[in-house]
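Chemist: one predicted model, sequence on top.
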Amino acid sequence: MACHGKKLLNNPSDVVTEFIEGLVETYPALQRLDGFPEVKVVLRADVSGATYDKVAVISGGGSGHEPAHAGFVGEGMLTAAICGDVFASPQVDSILAGIRAVTGPMGCLLIVKNYTGDRLNFGLAAEQAKSEGYKVEIVIVGDDCALPPPRGIAGRRGLAGTILVHKVAGAAAAAGLSLAEVAAEAKRASEMVGTMGVALSVCTLPGQVTSDRLGPGKMELGLGIHGEPGAVVADLQPVDVVVSLILKQILSLETNYVPITRGNRVVLMVNGLGATPLMELMIATGNAVPKLQLEHGLAVDRVYTGSFMTSLDMAGFSISIMKADQAILHCLDAATKAPHWPVGVDGNHPPAKIPIPMPPSHSTKSEELLSRPLQLNQQGHIMEVAIEAAANAVINLRDSLNEWDSKVGDGDCGSTICRGAITILEDMKKYYPLNDAAETVNEIGSSIRRVMGGTSGILYNIFCKAAYAQLKASTQSVVTSKQWCEALDAAVASISKYGGASAGYRTMLDALIPASTVLQERLNAGIDPCTAFLLSSEAALTGAESTRHMQAQAGRSTYVSREILESVPDPGAMAAASWYRAAALAVKDTYQAS
Ligand SMILES: Nc1ncnc2c1ncn2[C@@H]1O[C@H](COP(=O)(O)OP(=O)(O)OP(=O)(O)O)[C@@H](O)[C@H]1O
């Protein structure tokens, strides 16, 4: 079903002029010509046509491709950008105004994407400018690799590869080359680059309804940047497969669109089409580079990932591959002040990863200390059953924890805690020194630190560190119930100290504080340790349940209304009560069995 796209706009007919106003407010090095709405030209603030002593590089076309083209105006790239209305070529008068504003005695190069309207308007403007005495050259870019060679006169479409041509031409002009030389560099660059895109959605023109052309679960391969249908509609595939398809098509020997063969050096551009998160673009890049290297035998010298030539709010990306040599790399690496050219991508890559630095003091433990004992003593055996039971309890509670957390937090409490519990079970089998309670608690903390993020991850890490320090203080090898009680107390105090919460704040402490208090009271009263542990675990459960009636004062729950809070307990408190209770039951069962 077609629907009205929601947009933060004023009058849809003013989008381009209002965009330009925002752009020049943002970047002090940019200005616009005072000719709205007919003349929509963005130019370098430091260039005046009469005196400019370099070749001016001018591009433009329909709007809706932001940041192209105006976002690439700046020293070292474009001297001016001529903006048409959305997806409509700019008029001759606007182009001429731009030429006159920035062209000096060295002349100007017009870089035009291959669309009939752009060719005609820029072509006529060039002829008119020449008749006024300006030196003008035109380079047309048609980098589209999606379609078989067209039979008519239309030729291949100009896509995101044009941005790389802008950069090469801009650098050549900034280096002081003549108009013929700058045009030659731009033409050579345009012949080296090929592009193809994939879209997951159709873009919405300002003020218009969104087309329902592309159904759910479908992707369109080989699209243009004006919302026109792609070459193929297919079922959505993992990005890995999509990237493979696109690379094969660009580098196809059948069409031979780009002069790239095995052993060549290339640059890669992954260009977002407007509504694709940077995370997805980087994933595409991370998939594309090894494929180019290993499957196509190419050396990837530079990578550009971002949104350069968009199609309004279209979800998807295009990939451009340009054959690289020293001259092209030199131009791509040259400095520019164009605000939307990416920074930090010049130069050769060091290896992608380096080893993690070791801590300064040799704090790694000996293999002997960090290995599972061949024979477990009684304490080691109890540690094992208690850890196993505690971990399994929170693993089983994962979905409920997530459900509660989705109401009062971000929905991941169960997944986070479950990840920690699974790792603890794996690590315990491999290397926990179970006969040494203090070191085992410390290793539980290390397992948690490795895999658990979120608030609960760091708090449990703090918990284990504090318990370890307390247990380590004792010289006896067998930990007494009193020492366990002191360790729990220290661990709980430490969570409160660093997390800033106390009893009644609706956190895991509302399970752990009653547990610690009751354990201490019962042991002091002389009750046997197993029963004291069990009773304290009941207090933990009661405490966790009581969080339903608490107003949150810590964590994300603070932002949630009382009505919602009352519908669920605090997930962190329930998780704490659950592992603690399971450990207590397991210890009781083990003692009873022995
Ligand atoms: N300051 C704090 N002190 C003790 N426990 C806290 C504190 N803040 C949050 N918590 C506990 O952490 C639990 C959430 O853990 P989780 O790992 O899911 O956190 P998160 O994803 O970082 O954020 P969110 O609170 O939104 O879930 C809460 O249910 C609460 O029990």
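Modeler: Noted; the coordinates are in hand. Residues are numbered from 1 along each chain as shown.

Chemist: mind listing what the residue nearest to residue 578 when sequence neighbours are not counted touches?
Modeler: Nearest residue to residue 578 in three dimensions, chain neighbours excluded: residue 393, at 4.7 Å (Cβ to Cβ, 6 or more residues apart in numbering). Where you see a C-beta, it was placed from the backbone N, CA and C, and this is true even at glycine. Applying Cβ atoms under 8 Å, 6 or more residues apart in numbering, we find residue 393 in contact with 578, 579, 581, 582.

Chemist: now do residue 393 against residue 405, distance only.
Modeler: The gap separating residue 393 from residue 405 is 17 Å, by Cβ to Cβ, to the nearest Å.

Chemist: can you count the residues close to residue 429?
Modeler: 11 (other Cβ atoms under 10 Å).

Chemist: can you confirm it is in a helix?
Modeler: Yes: judged by DSSP: H, G, I helix; E, B strand; the rest coil, residue 429 forms part of a helix.

Chemist: skipping adjacent residues, who's closest to it in space?
Modeler: Excluding the flanking residues, the one nearest residue 429 by Cβ to Cβ, 6+ apart is residue 372, at 6.9 Å.

Chemist: what is the burial count for that neighbour?
Modeler: Applying other Cβ under 10 Å, we find 16 residues neighbouring residue 372.

Chemist: for it, phi and psi?
Modeler: Main-chain dihedrals, residue 372, degrees, to the nearest 10: phi -70, psi 130.

Chemist: need the pLDDT of it.
Modeler: Note for residue 372: predicted pLDDT of 88.

Chemist: got a list of what it touches?
Modeler: By Cβ under 8 Å, 6+ apart, the contact list for residue 372 reads 428, 429, 430, 431, 432, 433, 434.

Chemist: ok, residue 263 next?
Modeler: Taking Cβ under 8 Å, 6+ apart, we find residue 263 in contact with 297, 298.

Chemist: if we go to 7 Å?
Modeler: By Cβ atoms under 7 Å, 6 or more residues apart in numbering, residue 263 lies in contact with residue 297.

Chemist: residue 82 sits in which helix or strand?
Modeler: Using DSSP states H and E, residue 82 maps to strand 80-86.

Chemist: which strands and helices sit next to that strand?
Modeler: If you count contacts as 3 or more Cβ pairs under 7 Å, 6 or more residues apart in numbering; DSSP states H and E, strand 80-86 packs onto helix 15-26, strand 41-44, strand 56-63, helix 92-102.

Chemist: one more pass at 10 Å, please.
Modeler: Helices and strands touching strand 80-86, by 3 or more Cβ pairs under 10 Å, 6 or more residues apart in numbering; DSSP states H and E, are helix 15-26, strand 30-32, strand 41-44, strand 56-63, helix 92-102, strand 108-113, helix 116-131.

Chemist: now residue 128, nearest residue through space, not along the chain?
Modeler: Leaving aside its chain neighbours, residue 128 sits nearest to residue 96 (5.8 Å; criterion: Cβ to Cβ, 6+ apart).

Chemist: the one you found reaches residue 129, doesn't it?
Modeler: Yes: using Cβ atoms under 10 Å, residue 96 is in contact with residue 129, at 6.1 Å.

Chemist: so which residue of the protein comes closest to the ligand?
Modeler: Distances between the chain and the ligand by Cβ to the nearest ligand atom are smallest at residue 572, namely 2.0 Å.

Chemist: from residue 278, how far off is residue 554?
Modeler: According to Cβ to Cβ, residue 554 stands 32 Å off from residue 278.

Chemist: swap in residue 122?
Modeler: As for residue 122, its distance to residue 278 is 32 Å (criterion: Cβ to Cβ).

Chemist: what of residue 25?
Modeler: 24 Å.

Chemist: now residue 288
Modeler: According to Cβ to Cβ, residue 288 and residue 278 sit 15 Å apart.

Chemist: give me the more crowded residue out of the two.
Modeler: Of the pair residue 288 and residue 278, residue 288 is the one with more neighbours under other Cβ under 10 Å, namely 24 against 11.

Chemist: follow-up on the earlier one: measure how the strand holding residue 82 sits relative to strand 56-63, angle-wise.
Modeler: Orientation of strand 80-86 against strand 56-63 (axes from the mean of the first three to the mean of the last three Cα atoms, to 10 degrees) gives an angle of 10 degrees.

Chemist: tabulate the CA atom coordinates of strand 80-86 in CSV.
Modeler: C-alpha atoms of strand 80-86 as CSV (Å, rounded to 0.1, in the frame of the first residue of the first chain):
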residue,chain,number,x,y,z
ALA,A,80,31.2,25.4,-7.5
ALA,A,81,28.1,23.1,-7.5
ILE,A,82,25.0,23.9,-9.5
CYS,A,83,21.9,22.5,-7.9
GLY,A,84,18.8,21.6,-9.8
ASP,A,85,15.4,20.9,-8.2
VAL,A,86,15.0,17.4,-6.8
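
Chemist: quick one: mean pLDDT for it?
Modeler: On average, the pLDDT along strand 80-86 is 97.

Chemist: adjacent strands (with direction) for it?
Modeler: Paired strands of strand 80-86, with direction, are strand 41-44 (antiparallel), strand 56-63 (parallel) (DSSP bridges).

Chemist: for burial, what's the neighbour tally of the closest residue to residue 148 other than its chain neighbours?
Modeler: Nearest residue to residue 148, sequence neighbours excluded (Cβ to Cβ, 6+ apart): residue 255, at 6.6 Å. Neighbour count of residue 255, defined by other Cβ under 10 Å: 16.

Chemist: next one: the one 10 residues further on
Modeler: For residue 265, the neighbour count with other Cβ under 10 Å is 17.

Chemist: next one: phi and psi at it?
Modeler: According to degrees, to the nearest 10, residue 265 has phi -100, psi 140.

Chemist: ditto for the one 10 residues further on
Modeler: Backbone torsions for residue 275, taken as degrees, to the nearest 10, come to phi -130, psi 20.

Chemist: for the residue nearest to residue 479 when sequence neighbours are not counted, which residues are in contact?
Modeler: The shortest distance from residue 479 to any non-neighbouring residue, by Cβ to Cβ, 6+ apart, is to residue 437 (4.6 Å). Counting by Cβ atoms under 10 Å, 6 or more residues apart in numbering, residue 437 touches 379-380, 382-383, 467-468, 471-472, 474, 477-479, 483-484, 487.

Chemist: where does the protein have low pLDDT?
Modeler: Applying pLDDT under 70 to the chain picks out residues 1-5, 150-151, 360-369.

Chemist: picking that back up, list the contacts of the residue nearest to residue 128.
Modeler: With contact set as Cβ under 10 Å, 6+ apart, residue 96 has these partners: 39, 41, 82, 121, 124, 125, 126, 128, 129, 132, 134.

Chemist: partner residues bridging the first one?
Modeler: In this structure, residue 39 has the following beta-bridge partners (DSSP bridges): residue 35.

Chemist: dump the residue contacts of residue 238.
Modeler: Here residue 238 is in contact with 244, 283, 287 (Cβ under 10 Å, 6+ apart).

Chemist: that's all I had, so thanks and see you.
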